[in-house]
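>>> sequence and predicted structure are below.
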Amino acid sequence: MQPIHILLLIAAYFGVLVLISYFTGKNADNDAFFKANRQSPWYVVAFGMIGASLSGVTFISVPGWIEASQFSYMQVVLGYILGYAIIGTVLLPLYYKLNLTSIYTYLDERFGNYSYKTGASFFLLSRVVGASFRLFLVANVLQAILFDALGVPFWATVIITILLIWLYTFKSGIKTIVWTDTLQTLFMLIAVGVAIYYVSDDLGIQGSNLLGYVLDSDLSKMFFFDDFKSANYFWKQFFSGAFIAIVMTGLDQDMMQKNLTCKSLKDAQKNMFWFTIVLTIVNFIFLGLGLLLTQYAAQNGIDAHKDQLFPVIATQSGLGFGIAIFFILGLIAAAYSSADSALTALTTSFSIDILDIEKKYSPEDQVKTRKKIHILFSFILVLVIIAFKYIIKDESVIAKLFVFAGYTYGPLLGLYAFGLFTKLKVRDNLVPIVAILSPILSYIISDNSATWFGFEFGFFILILNGFLTFLGLILIRRK
């Protein structure tokens, strides 16, 4: 596949996104940017959230896990179902009752200003690092397959990447993203379907026998009850999945901002219900693709593993022009469906939570300030991604930064659990100390748990993190 073909594909893709932005951005104000005027159809939100939930990391990584982990990830996905049920029945009613723009406003009403700013700050930190990491992975792939051949340096690739996101989100933010996410989810699912078709056809598997082939394979083992100390033990992964869903969707401004654009609580709950069903099926399809790719690589002597498995087979194995085109299209869609909403959520949270623009600024100044913040976070994402490339060159360190960013959801879990399930008050000024110490202690315990206890936390670390925050809040309660 020639670089010019990839360039034309990317240009056409973003042309469509900008066109969507043009139609959704007419007469857009801050209410449209932050809440889409609360007019989004629930089924559009539900479908679009699938792409945002999966992201470019999932698109590349999940198929590559099969060789080492089989289908154990489905244990986490089944846990998601419980987590999404809690979001739909507990968190969404709370957010709609309080008529929130930023979900962290709840912390101000429940605990006080320090807790409020702490929750928002942890989200901002996690989202900046997480979004940068996801875009870094995709920018690396685009650099290798396109921009190196054109003589474009990596820093320019990053600037172009962020500029394109800013271009179609700066006018109407979440109002545009609700619709662009739908398109991007569609492209991602088509890409997975095309890849399954090409690989299964080469392996000689008939369409009607595909599910049976996957389920009969030794690589499709899904449930692991053998060793409770293992990271893939069923109950550990199941409950971890439930809590991951609660914090990374229900307590995440990025994901909840889409839900809060629905016309009513009932529509938002329908959105969450159907989103859960479809996301579960889609994750199983991704794992099925991973199994087929693993088998294909083994039969054809392809030395590609983990994150390299899908890209190498799609673009270098000789399966054809079609799979390469749709892989690139799916990769771009997966990356941008999470990155564009992250940029909008960062802008929203900083505007509402940190600067209090709804209370302190005139309507005209609110729009001007929001636009400046949108540019500021675009610039920050560029700097962080470039830092990953040129300053922190060790990819294992970058991966650890991404993992540690996930730790910052633990304090949010502890704060919301304490707020919802107790009536206790806390010394608000001490909450930031608890929120900082909890992920640090969690990391120390997790890093040494195999040596100390012969126990691997895996995804379970989120629960430990939230528990330590909850315990810390009990210790600083007001009598």
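Okay, I see it.

>>> what average pLDDT does stretch 406-426 get?
Averaging pLDDT along stretch 406-426 yields 92.

>>> report the buried residues of that stretch.
By neighbour count on 16 or more other C-beta atoms under 10 Å, the buried set for stretch 406-426 is 406-419, 426. For every residue, glycine as well, the C-beta is placed using N, CA and C.

>>> repeat that for stretch 470-479.
Phe470, Gly472, Leu473.

>>> please apply the same query to stretch 151-158.
For stretch 151-158, the buried set under the neighbour-count rule, 16+ other C-beta under 10 Å, comprises Phe154, Thr157, Val158.

>>> contact partners of it?
Leu135, Ala139, Leu142, Gln143, Phe147, Ile160, Val382, Ile385, Ile386, Lys389, Tyr390 (C-beta atoms under 8 Å, 6 or more residues apart in numbering).

>>> got it, and stretch 266-274?
Contacts with stretch 266-274, where a contact means C-beta under 8 Å, 6+ apart, come from 41-43, 45-46, 49, 84, 87-89, 92, 96, 259-260, 262.

>>> now could you export just the CA positions of it as CSV?
Provided in CSV are the C-alpha atoms of stretch 266-274 (Å, rounded to 0.1, in the frame of the first residue of the first chain):
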residue,chain,number,x,y,z
LYS,A,266,-35.1,7.4,30.8
ASP,A,267,-33.3,7.9,27.5
ALA,A,268,-29.9,7.9,29.1
GLN,A,269,-30.7,4.6,30.9
LYS,A,270,-31.9,3.0,27.6
ASN,A,271,-28.6,4.2,26.1
MET,A,272,-26.7,2.5,28.9
PHE,A,273,-28.7,-0.7,28.6
TRP,A,274,-28.2,-1.2,24.8
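
>>> averaged pLDDT, it. What do you get?
Across stretch 266-274, pLDDT averages out at 94.

>>> residues in contact with stretch 118-131?
By C-beta under 8 Å, 6+ apart, stretch 118-131 touches 102, 104, 107, 252-254, 338-339, 342-343, 345-346, 349-350, 353-354, 377, 380-381, 384, 401-402, 404-406, 408-409, 411-412, 415, 431-432, 435.

>>> low-scoring pLDDT stretches of the stretch 351-479 of the chain, where are they?
393-403, 405, 458-459 (pLDDT under 70).

>>> how about the helices of it, start to end?
357-360, 363-390, 395-407, 409-421, 431-453, 461-475 (DSSP state H, counting those that start in this stretch).

>>> same for the shortest one, what does it pack against?
The contact analysis (3 or more C-beta pairs under 8 Å, 6 or more residues apart in numbering; DSSP states H and E) places helix 357-360 against helix 363-390.

>>> buried ones in the helix it packs on?
Result for helix 363-390 [16+ other C-beta under 10 Å]: buried residues 366-367, 369-370, 373-374, 377-378, 380-382, 384-386, 388-389.

>>> list the helices and strands it packs on?
helix 30-35, helix 113-142, helix 154-169, helix 321-349, helix 357-360.
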